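Q: Provide a 3D model corresponding to the input given below.
(one chain, ligands or ions: 3)
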Amino acid sequence: MAGRLRGAALAGCLGLCGTALALLAVVLLRAYVLRPAPGPRVWGRRPELGFELSARDRRELKEALRGAIKIQTVSFSPDDQNTTALAEFGNYIKKVFPAVFSAKFIQHEIIGEYSHLFTVQGSDPQLTPYMLLAHMDVVPASQEGWVAPPFSAEERGGFIYGRGTMDNKNSAIGILQALEFLLRKDYRLRRSFYIGIGHDEEIYGHKGARKIADLLEARGVKLSFLLDEGSAILDGFIKGIKAPVAVIGITEKGALTVKLSVEKEPGHSSAPPKETSIGILAGALSRLEQNPMPNMFGHGPEIRTLEHLASEFTFPLNLIMTNLWLFSPIVSRILQQMPSTNALIRTTTAITMFNAGIKTNIIPPSAKATVNFRIHPSQKAEEVLEIIKTTIADDRVKIDVQETFDPNPISPWDNQAFGVQIFRRTLLDVFPEVSSVAPGICIANTDSRHFAKLTDAIYLFNPLIIKPDDFLRIHGLNERISVEGYEKQVEFLYQLIQNSDIKKLPEPHANSHEL
Ligand SMILES: CCCCCCCC/C=C\CCCCCCCC(=O)N[C@@H](CCSC)C(=O)O
Ligand SMILES: [Zn+2]
Ligand SMILES: [Zn+2]
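A: Numbers count the residues shown, from 1 in each chain. Ligands and ions are numbered 1, 2, ... in the order given. This next block holds a predicted model:
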């Protein structure tokens, strides 16, 4: 009997081991043998490309950005902007970029009073134009907590400190700077392009970018691609990836901002009701925070980001990322641990404003709060609103939608996508240390969504190497950019404009480096 039991146990164990071995074999086979072949290799590395800056150029480049940071172009709320500063910004760029403003083939227009549209006419009208987008307005900054005042543009330890250094005067000024340098070198552009500099991106862009887009649409413009802020060269964001990787946004999340309010009879605090308006609203808000929106990992482009980066991961993570069909439950659990990666896999919930109460001994007549949701690419605003109502489940809480839009459509990402190949080419030229370029999601919002009718190829990317600590500075304290990082951004734009002048993408060839 005992022998038979031992035999059965042994057989069971062998069966189990066999299953485990078979599973391992499948994993290894898929990972190393059945791996999809890499796409055609398009670009080869090029020797030094000649973006050489004299000491004077360097000083000029840095001072142009510092001067722009000092102009307090703050967007406080949709109807409260520092319009004096917005106008001053317009005068400033005219003064700092004389070649751009005097070139015969560049048309400059002011749109919506403070935004700027530049039409740069290339010599070959057959080539479809592209667009570079940026914005000049910034979010407010507290005076406390900064190592240097937020509009001082002080330089410390190789960094320029100030609101707008990463979001997004670095792009607005950087684009014009790159063009100024090219014009001074008498570079003759072949492909036309547009530069849009919005003045109200931080408050939805209705008066700036939206109007620029409407105007271009009315003129019948179609774009081969559009590049805006929204992602970057990420260093240290993803556990298990050592080298910096360029993640280019191919979509951005949608947004839904709701105002919640509770009204109750005021009265004497000595005989309070069981619940006050504050207590009721606080309960609703707590339910929203305690019940995050569903984890959507695998339903949007986040999975493509990991697949593209799979070979960058150290063992055994590379094996896991190559086999997401098997490991996605574990991966999605890991991603939700950090706020920046959690934002990739779900609609996020942020309670951003709360106002209530009059005096210590008055029962508060009303309580109000604002909750800002960023919608995952696989969901729609309507669906999110339904979840909010079910989660709050209290009719005393009034829900008013303030502003909402669905996620952007997904832009093309393949060997034929002109913009993507130009970004790869340019990254290879300017950031040789970047070994991978992957499609991703912009977790915030940008002005680019207003241009959806002009192109299906909208990309979100800032050519800056950023670490998790830098990300916290955007809309936070001590926003800063390194002087070296800004020079590289200008170099990238300088090169991008030239690389875009290519008539058509080269045929794939075998012996070149592939990003
Ligand atoms: C795979 C790794 C994941 C890494 C996570 C994300 C890292 C992101 C890195 C850089 C992103 C910078 C994005 C800055 C863009 C900010 C734009 C902005 O502030 N827009 C406003 C617009 C207001 S109108 C709705 C916003 O609040 O979103
Ligand atoms: Zn921005
Ligand atoms: Zn911003």
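Q: hey, let's count contacts and neighbours off CA atoms from now on
A: Fine.
Q: near ligand 1, which residues of the stretch 151-300 of the chain?
A: Those residues of the stretch 151-300 of the chain that sit near ligand 1, judged by C-alpha under 6 Å from any ligand atom, are E201, E202, I203, Y204, E229, G230, S231, A232, F237, I238.
Q: Quick check: the fifth one touching L132?
A: No: proximity of E229 to L132 does not meet the contact threshold set by C-alpha atoms under 8 Å, at 9.4 Å.
Q: Counting neighbours, go ahead and name the busier of these two.
A: Using other C-alpha atoms under 10 Å as the criterion, E229 and L132 rank with E229 on top: 27 against 22.
Q: L477 reaches P149, doesn't it?
A: No: the pair L477 / P149 is not scored as a contact, 10.1 Å apart, by C-alpha under 8 Å.
Q: Which of the two has more residues huddled nearby?
A: Counted by other C-alpha under 10 Å, L477 and P149 do not tie: L477 has more neighbours, with 20 against 17.
Q: For that one, pull up the helix or strand it's in.
A: L477 is part of no helix or strand when elements are defined by DSSP states H and E.
Q: give me the residue from the stretch 251-400 of the chain nearest ligand 1.
A: S340 (4.5 Å; C-alpha to the nearest ligand atom).
Q: Need phi/psi at R480.
A: Main-chain torsions, R480, degrees, to the nearest 10: phi -160, psi 160.
Q: What backbone torsions are found at the closest residue to it other than its chain neighbours?
A: Spatial nearest neighbour of R480, chain neighbours left out: Y161 (4.3 Å); criterion: C-alpha to C-alpha, 6 or more residues apart in numbering. Dihedral angles of Y161 (phi, psi; degrees, to the nearest 10) stand at phi -100, psi 140.
Q: Please apply the same query to H135.
A: Dihedral angles (degrees, to the nearest 10) for H135: phi -140, psi 150.
Q: For it, give me its contacts.
A: N168, K169, S171, A172, G196, I197, G198, H199, D200, E201 (C-alpha atoms under 8 Å, 6 or more residues apart in numbering).
Q: pLDDT at the third one, what is it?
A: Among the per-residue scores, S171 shows a pLDDT of 98.
Q: Contacts only, for the residue nearest to R480.
A: Neighbouring residues of Y161 by C-alpha under 8 Å, 6+ apart: A148, P149, P150, S152, A153, E154, E155, N478, E479, R480, I481.
Q: Farthest-apart pair in those, please.
A: Maximum pairwise distance in the contacts of Y161, criterion C-alpha to C-alpha, is 14.6 Å, between P149 and I481.
Q: got the domain boundaries for the protein?
A: Following automatic domain parsing, one finds the domains of the chain at 55-237+408-499, 252-405.
Q: Around ligand 1, pick out the residues from the chain.
A: With C-alpha under 6 Å from any ligand atom as the criterion, the chain comes near ligand 1 at residues 201-204, 229-232, 237-238, 340-341, 444-446, 471.
Q: Mind checking the domains of the chain for the one nearest to E507?
A: For the domains of the chain, proximity to E507 was assessed by C-alpha to C-alpha; domain 55-237+408-499 is nearest, at 9.8 Å.
Q: Show me which residues of the helix or strand harbouring the residue of the stretch 251-400 of the chain closest to ligand 1 are buried.
A: Taking DSSP H and E as the criterion, S340 maps to helix 339-345. For helix 339-345, a neighbour-count test (16 or more other C-alpha atoms under 10 Å) marks S340, T341, N342, A343, L344, I345 as buried.
Q: which is the next helix or strand following it?
A: Toward the C-terminus, helix 339-345 is succeeded by strand 348-356 as the next helix or strand (DSSP H and E).
Q: Which elements pack onto the next helix or strand after that following strand?
A: Counting by DSSP H and E, the next helix or strand C-terminal to strand 348-356 is strand 362-363. The contact analysis (3 or more C-alpha pairs under 8 Å, 6 or more residues apart in numbering; DSSP states H and E) places strand 362-363 against strand 267-268.
Q: Any stretches of the stretch 351-500 of the chain with poor pLDDT?
A: Filtered on pLDDT under 70, the stretch 351-500 of the chain yields no residues whatsoever.
Q: burial of the nearest residue to A64 once chain neighbours are set aside, as a residue count?
A: Among residues not flanking A64 along the chain, V96 sits closest, at 6.6 Å (C-alpha to C-alpha, 6+ apart). Close neighbours of V96, defined as other C-alpha under 10 Å, add up to 21.
Q: What of P292?
A: By the measure other C-alpha under 10 Å, the count of residues near P292 is 14.
Q: Can you check the pLDDT for it?
A: pLDDT, read off for P292, is 98.
Q: residues contacting it?
A: Taking C-alpha under 8 Å, 6+ apart, we find P292 in contact with T348, T349.
Q: element containing it?
A: P292 belongs to no helix or strand, assigned by DSSP H and E.
Q: can you check Q498 too?
A: With DSSP H and E as criterion, Q498 is part of helix 483-499.
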